[in-house]
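Participant: for reference, the sequence and a predicted model appear below.
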Amino acid sequence: MNEQLTQYATVESPAGSPALAHDGASVSSGKSIMPEPVSNASIGSRNVGVIVRGRFVRIAHADLDKYEAVKDPEVTFAELRRVSPRIDIFTFMQTMADKDRHLNFHTEPDNLAILPISTFENWWNHQIRSFPRNRARQAEKRGVVIKEVPFDDELVHGIWEVYNETKVRQGKPNSHYGKNVATVGREAATYLDRSVFIAAFFEGKIIGFVKLILDDARQQASLMNIAAMVCHRDKAPTNALIAWSVRACVDRGIPYLMYQNFEYGAKGEDSLTHFKEINGFERIELVRYYVPLTAKGRLALALGMHKKLANRLPRFVVSGIRAVRNAWYNRNLKSEAEAS
């Protein structure tokens, strides 16, 4: 490993086993924290972390859930049954690489935002609307330079500056705000062997970035992280980063670009959903599997206890709660930032 990157090296569990993240662990960056040794999880062709949520009923999913197909489910389940503390339910989602495979486990509908890719010209001329196309052009006209970059100190410092620009993003507290450079570097350093980093520069300074994760089958690239500085919104760096992500997939012969879920549970459509849609992403219906690993897990699954509370409420109730929450965050956190 390059000497300047050793400070960002991820912690390895003993014997190459994956890490287990406990309740409350952040999964937005695709990392596992608080590592503990567990048995090998056969997800893709490598060991990956497992994220666990819940206290009474412990529900786990792979660190690369949505990004990588579970290749040998029965082996994975057998190994996860030996984990201590126990895992009651393991959940995993279909990906584009295994969308035609149907397994005999409990399923519930889920979805991904998928952009089918053939050529850049087809995407540019036929798959996106005029607004994002004009915004991407605007970025170039206003001096934004987009390019693939190595994972190095310059990139880490740029990501750190993007994260620490504002306390609120998309109406919610920015979970990365206040982290130091070393922490940001460790979190960004996951899965480097399958990662592609793209940065947006303005006057030589990083103002936005993308981290793409490639699956083992090279069928799907996924936007694990995409963020840009709010103060440079007029330069449309995010639109330009999406365009360059499409180029990266074309160059590597990858037919699908994934941008997380198209919709999330009862949340419904929002501004991010609209952004995905106008950039050519489609809602692809897939399934999410739930596999009970203990007697408690079987009972919890039968009673519907595996579902988050927000997904049990009517959509209009969730929308109202979210609107009030976002208004509170924007008012209070922005006021706090302005006063500091």
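Facilitator: Happy to help now that I have it. Numbering: from 1, shown residues only.

Participant: got phi/psi on the residue nearest the centre of the chain?
Facilitator: Nearest residue to the geometric centre of the chain (CA atoms, centre = their mean): residue 224, 3.8 Å. According to degrees, to the nearest 10, the main-chain angles of residue 224 amount to phi -70, psi -40.

Participant: just to check, it is in contact with residue 215?
Facilitator: No - using CB atoms under 8 Å, residue 224 is not in contact with residue 215, being 11.7 Å away. Where C-beta positions appear, they are placed from N, C-alpha and C, glycine not excepted.

Participant: the closest residue to residue 164 other than its chain neighbours and residue 166, how far apart?
Facilitator: Leaving aside its sequence neighbours, residue 164 sits nearest to residue 177 (CB to CB, 6 or more residues apart in numbering; 5.9 Å). Relative to residue 166, residue 177 is positioned 7 Å away (CB to CB, to the nearest Å).

Participant: repeat for residue 133
Facilitator: When residue 133 is compared with residue 166 (using CB to CB), they lie 27 Å apart.

Participant: what's the burial count for residue 192?
Facilitator: Other residues lying near residue 192 total 16 when counted by other CB atoms under 10 Å.

Participant: give me the neighbour count for the residue lying closest to it once chain neighbours are set aside.
Facilitator: Using CB to CB, 6+ apart and skipping residues adjacent in sequence, the residue nearest residue 192 is residue 151, 5.8 Å away. Using other CB under 10 Å, residue 151 has 19 other residues around it.

Participant: ranges for the strands of the chain?
Facilitator: 20-21, 50-53, 59-62, 89-93, 106-116, 144-149, 168-169, 172-173, 195-202, 205-214, 220-228, 256-258, 282-292 (DSSP state E).

Participant: report all helices and strands that the second one contacts.
Facilitator: Applying 3 or more CB pairs under 8 Å, 6 or more residues apart in numbering; DSSP states H and E, we find strand 50-53 packed against strand 20-21, strand 59-62.

Participant: what's the least confident stretch among the ones you listed?
Facilitator: With a mean of 34, strand 20-21 has the lowest mean pLDDT of the helices and strands packed on strand 50-53.

Participant: what pairs with residue 283 across the strands?
Facilitator: residue 113 (DSSP bridges).

Participant: please renumber so the chain begins at 743
Facilitator: Let's use 743 as the start, then, which means that last one is residue 1025.
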